[in-house]
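Asks: Please work out how this folds:
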Amino acid sequence: MNVAKNMEVIAVAAAILVSASCYAIAPAAPALQVASTTATLAAPAGKAAMQVVVVKAKRLSAAEKARFA
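Replies: Next up, the predicted model:
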């Protein structure tokens with residue numbers, strides 16, 4: 001049996017075995033769910049609903065800015 005003639009079949013079989021084994025050992029955990037930390041509130045009459053994003057972080061020093069630049 002010439003291995004070079006059957007290389008495509010060997011590669012396909014290996015891919016099938018790897019994918020089947022990955023599926024077999026995968027944990028049966030539910031999908032990742034991210035809890036929402038914002039509440040949905042109705043906008044008062046006459047005003048459009050607006051989302052506000054607040055970013056809290058310390059400012060970088062000159063040395064830190066130079067390191068990232």
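Asks: Looking only at residue counts, what's the top helix in the protein?
Replies: helix 7-25 (DSSP state H).
Asks: Can you name the element that comes right after that helix?
Replies: Following helix 7-25 in sequence order, the next helix or strand is helix 62-68 (DSSP states H and E).
Asks: Give the ranges of residues in this structure that sit below the confidence cut-off.
Replies: 1, 24-49 (pLDDT under 70).
Asks: again, only using 90
Replies: Residues of the chain meeting the criterion pLDDT under 90: 1-6, 9-10, 18-60, 65, 67-69.
Asks: quick one: residue 21 and residue 15, what's the gap?
Replies: 11 Å (C-beta to C-beta, to the nearest Å). All C-beta atoms are positioned from the backbone trio N, CA, C, and that covers glycine.
Asks: typo on my end, it should be residue 61
Replies: The spacing between residue 61 and residue 15, counted by C-beta to C-beta, is 51 Å.
Asks: do you know how far residue 63 is from residue 56?
Replies: 22 Å.
Asks: With neighbour numbers in mind, choose between the two.
Replies: A count of neighbours by other C-beta atoms under 10 Å puts residue 63 above the other of residue 63 and residue 56, at 7 against 4.
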